[in-house]
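# give me the fold of what follows.
(2 chains)
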Amino acid sequence: MIKRALRSLIFGDERRATPRVSYFPAERVNSKLESPRVALGFVPLTDAAPLIVAAERGYFAAEGLAVELWRETSWASIRDKLAAGALDGAQTLAPLPLAMHLGLTPARTPMCVPLLLDRNGNAFTVSRSLYRRMQILAREDAGVRSRSGHALRAAAREALAAGRPLRFATVFPHSTHTYLLRHWLDRYQVPAQAIELSVVPPPLMVEQLAAGRIDGFIVGAPWHTLAVQSGLGRIVAASTDILPGHPEKAFAVRRSFAVSYPRTLLALTRALLRACLWLDDPEHRAAAAGLISARRYVHAPIECLRIGLEDRLLAATGETPQVCAGFHVFHRGGANCPDPREVSWYLREMMRWGEIDAALDAERLAAEVFRPSLYFAALRTLNAPQSRFADAHSSEALLPRPA
Amino acid sequence: MDHETSRITPFHRSGPVALATRDTARAFMSLRILLIDCDAERARLVEEGLAGLDCELLHRRSAAEAFAELDALRPDIVIIDTDAPDRDLLEQIGALRAQARPIVMFVDQSDEDASLRAIEAGVSAYVVNGLSPARVRPILDVAVARFRYIEALRSELARSRADLAERKLIERAKGLLMERRGLSEEQAFAALRRQAMNEGLRLVEVARRVLSVAELLDRVP
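Numbering: from 1, shown residues only, chains lettered A, B, ... in the order given. Got it, this is the predicted structure:
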């Protein structure tokens, strides 16, 4: 179910209206950076692209920043290195800074998010054998993604009766992926006891599926595409099926960094916004695939990266990738706005699954970490339109219900 | 706001967590340290380093291997390479077994320098809840020192390999000039060095260019 506004975002006018020429003033606003040397972390994924593009296309350098990019295998490494100060900032899962801020992770660390890096981009992929089971049980084409939930429910019930739960992997306990998967399984009333969740770092997912240690996984591009291309799995639901327009990755720093180095943070935010704007142009997506495919970045084949970046979805091995509009949204429609209203969805999910106290004020907590004011400040210095994704495009399920 | 209760909320299907403090009982026992490391040489070095301390080191090559016998191993401290691919598995074990044997990561927030040093050296330590930082610290220090030592050896090795590769390139370029231009060894080397100085390049870069231009010319009919 896609809301009309989202539909217009994905299919319609906004995309054409997005200015192709950059709207940035020529002069530098940041002649005095407090800390021009900055270490940033990323996990090899397509949506590490804003960091990689900002480095490769010289947007960081244009701000007077000397940025070192560190490739980390797992979100646990990003969490620890951010908490201990080995990294100044990082690409993070949208719920990760919330979990760190609340102390759900071992080292409780106050965090600050000046912008989101993207929306959507994930896909839930099951093994070939589970998919065959789903198809037999559903007695129809489970490949139609709208029916795959019902088919999975049947397979899960069977697995439960056989005493052999289905083993699914997500990328981190407090990840976009965990909450999306649980939300989707719950929507189709897949019995929770039939599912065993584990954590596997994104670049190792395909290997785990190949080894038969898991029956499926939910992960960001390009790893789900790679599983399908390798003939190991089948995509049964994408971000755009589960919760279209959901905040995916955030750029996060420790709050102490934001307080001590406000001009540096503004410069980082500007550089990343420019990278996101560049990335959002469909004409740049193929070039982006080339930039990020390097061994020191995502280390995945360009062809594999291109499928997702060109807003296509390869659901089954050997098929032609289908158009999946809005699969990666990096900028348009105010996608970078770190809006506490939208992000509080993750906190409400944490409450729903008993991870945090349900009496907490989700929106207020989200607002402690996600700071639209920093996003707007950076947009202003770039002479960019002041847009908020939530105002026009957010799916209803994402926003808090009016009291 | 009381977040303490949800501090190590188990990830999946576990009940509420009891944060039992068993330090009183442990105060007089030697600590059991589980080192998960696929690098046997590094594990041996850590073991050597711990010899003087009152503790017992158990070494396993992967978290999966340790998982099967965790109940028997009963570690007080688990040390694992920060970049180990199966660290997530270890954390999950910690979360799943929270009631029986809570494993929390040791980030002594009163001593941020120590955490930073450990993480920069690639040491991640998970410590049974309630163990005093004073007992963990010397063990962590040993692990950090030994991890760093191995890292230094590795980068030394990588550097000398790179040096060797560069020297070979320069030798090949020199040989090429001697062969094609009839120069002596000294003349060939002087020509390369002069070019490097004129262009503000490293000698090896000039050698690389000479070789690639020669290759290009050879290919053109």
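# C-alpha from now on. contacts and neighbour counts both.
Noted.
# strands of chain B, start to end?
B:31-36, B:55-60, B:77-81, B:103-105, B:123-128 (DSSP state E).
# go through those strands and find the least confident stretch.
When the strands of chain B are ranked by mean pLDDT, strand B:103-105 comes last with a mean of 58.
# for B:Arg172, which of the strands of chain B is the nearest?
With respect to B:Arg172, and counting by CA to CA, the nearest of the strands of chain B is strand B:77-81 at 40.5 Å.
# who are the packing partners of that closest one?
Counting contacts by 3 or more CA pairs under 8 Å, 6 or more residues apart in numbering or on different chains; DSSP states H and E, strand B:77-81 is packed against strand B:31-36, strand B:123-128.
# could you redo the strands of chain B as CSV and give each row mean neighbour count?
Shown next, in CSV, are those (neighbours: other CA atoms under 10 Å in any protein chain shown):
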stretch, mean neighbour count
strand B:31-36, 22
strand B:55-60, 18
strand B:77-81, 23
strand B:103-105, 24
strand B:123-128, 25
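# looking at chain A, which helix or strand is least sure?
helix A:13-17 (a mean of 35; mean pLDDT, DSSP states H and E).
# so how far is the following helix or strand past that one off the chain centroid?
Note on helix A:13-17: by DSSP states H and E, the next helix or strand toward the C-terminus is strand A:37-42. Per CA atoms, centre = their mean, to the nearest Å, the displacement of strand A:37-42 from the mean C-alpha position of its chain is 19 Å.
# what sits against the residue of the stretch 201-350 of chain A found nearest chain B?
Scanning the stretch 201-350 of chain A for the residue nearest chain B gives A:Pro201, at 7.3 Å (criterion: CA to the nearest CA). By CA atoms under 8 Å, 6 or more residues apart in numbering or on different chains, the residues touching A:Pro201 are A:Thr73, A:Ser74, A:Trp75, A:Val171, A:Phe172, B:Pro85, B:Asp88.
# now the first one: how far from chain B?
Distance of A:Thr73 to chain B, computed by CA to the nearest CA, to the nearest Å: 7 Å.
# quick check: which ranges of the chain have low pLDDT?
Going with chain A. A:1-31, A:140-146, A:394-395, A:401-403 (pLDDT under 70).
# the chain in question should be chain B.
In chain B, residues with pLDDT under 70: B:1-29, B:94-112, B:221.
# the domain parsing of it - what is it?
Domains of chain B are assigned by automatic domain parsing as B:4-154, B:160-219.
# angle of the helix ranked longest in chain B against strand B:123-128?
Secondary structure assigned by DSSP state H gives helix B:133-181 as the longest helix of chain B. Angle of helix B:133-181 versus strand B:123-128, following axes from the mean of the first three to the mean of the last three CA atoms, to 10 degrees, is 160 degrees.
# what does the stretch 201-350 of chain A put close to chain B?
With the criterion set to CA under 8 Å from any CA of the partner chain, the stretch 201-350 of chain A comes near chain B through A:Pro201, A:Leu204.
# which residue ranges of the stretch 201-350 of chain A form strands?
A:216-220, A:233-238, A:249-254, A:312-313, A:322-323 (DSSP state E, counting those that start in this stretch).
# single out the most deeply packed of these.
strand A:216-220 (a mean of 29; mean count of other CA atoms under 10 Å in any protein chain shown).
# ok, B:Asp37 - how many residues close by?
18 (other CA atoms under 10 Å in any protein chain shown).
# still on that earlier bit, among the contacts of A:Pro201, which one sits closest to B:Ala72?
B:Asp88 (21.0 Å).
# counting neighbours, what do you get for the closest one?
By other CA under 10 Å, neighbour count at B:Asp88 equals 22.
# what's the spacing between it and chain A?
B:Asp88 is 6 Å from chain A, by CA to the nearest CA.
# grab the most central residue of chain A for me.
Centre of chain A computed as the mean C-alpha position; nearest residue by CA atoms, centre = their mean is A:Glu248, 2.7 Å away.
# okay then, goodbye and thanks.
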